[in-house]
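Asks: Just the structure for this:
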Amino acid sequence: MSPGSFEQEEEYRPVAEINMIPLIDVMLVLLVIFIITAPLLTHSVRIDLPRAASRSTDARPANIQLAVGIDGALHWNGETLDRAEMRARMAAAARLQPQPELHLHIDRAAQYQKVAEVMADAARAGLVKIGFVSDPKGAE
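Replies: I've put the predicted structure just below:
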């Protein structure tokens, strides 16, 4: 028995055919959408932009190596100095443009109070780029 026949049979069997009409309708709608949108994607307007040649001004700020020793001694780029002189140098460095980065090298046995004083002095001077430098090889 075919699905569209007029014969009256008692036995009903499920239809084992795929209805292709909805699939074809969906494919035609998608085809129309792609036909309409494809020219919109390739349409462009040519604009002659002005050209300028310049050098990159990627000036990297200098960095200051400040070490705090086990006894609280301060070393500014390898030069030993006292706290008053360190404050004066921090104030001068904070006025530079671009502002230098302050890299702190702290001895692991240094007192925390000394480290806090150095960081407070740097903040009062106006230095905002402060970083700690560690030695991963020296870690136990």
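Asks: gap between stretch 95-110 and the chain center?
Replies: Between the centre of stretch 95-110 and the centre of its chain there are 24 Å (Cα atoms, centre = their mean, to the nearest Å).
Asks: buried residues in it?
Replies: By neighbour count on 16 or more other Cβ atoms under 10 Å, the buried set for stretch 95-110 is 100-104, 106, 110. The C-beta positions use only the backbone N, C-alpha and C, and glycine is treated the same way.
Asks: buried stuff in stretch 69-88?
Replies: So for stretch 69-88, counting by 16+ other Cβ under 10 Å, buried means 74, 76, 81, 86-87.
Asks: Could I get the average pLDDT for the longest helix along the chain?
Replies: Counting by DSSP state H, the longest helix found in the chain is helix 21-42. What helix 21-42 shows for mean pLDDT is 89.
Asks: Use 18 as the first number from now on
Replies: Yes, from this point I'll number from 18; that puts the last item at helix 38-59.
Asks: Distance from that helix to the middle of the chain?
Replies: In terms of Cα atoms, centre = their mean, the centre of helix 38-59 is set 40 Å apart from its chain centre.
Asks: Quick check: buried residues in that helix?
Replies: Here helix 38-59 shows no buried residue, counting by 16+ other Cβ under 10 Å.
Asks: Export only the CA atoms of that helix, formatted as CSV.
Replies: C-alpha atoms of helix 38-59 as CSV (Å, rounded to 0.1, in the frame of the first residue of the first chain):
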residue,chain,number,x,y,z
ILE,A,38,9.2,19.5,1.9
PRO,A,39,10.1,21.3,5.2
LEU,A,40,13.8,20.6,4.7
ILE,A,41,13.6,22.1,1.2
ASP,A,42,11.7,25.1,2.5
VAL,A,43,14.3,25.8,5.1
MET,A,44,17.2,25.5,2.6
LEU,A,45,15.5,27.9,0.2
VAL,A,46,15.0,30.5,3.0
LEU,A,47,18.6,30.2,4.0
LEU,A,48,19.7,30.5,0.3
VAL,A,49,17.6,33.7,-0.1
ILE,A,50,19.1,35.2,3.1
PHE,A,51,22.7,34.4,1.9
ILE,A,52,22.0,35.9,-1.5
ILE,A,53,20.7,39.1,0.0
THR,A,54,23.4,39.5,2.7
ALA,A,55,26.5,38.5,0.6
PRO,A,56,26.7,41.7,-1.4
LEU,A,57,26.4,43.7,1.8
LEU,A,58,29.5,42.0,3.3
THR,A,59,31.6,42.7,0.2
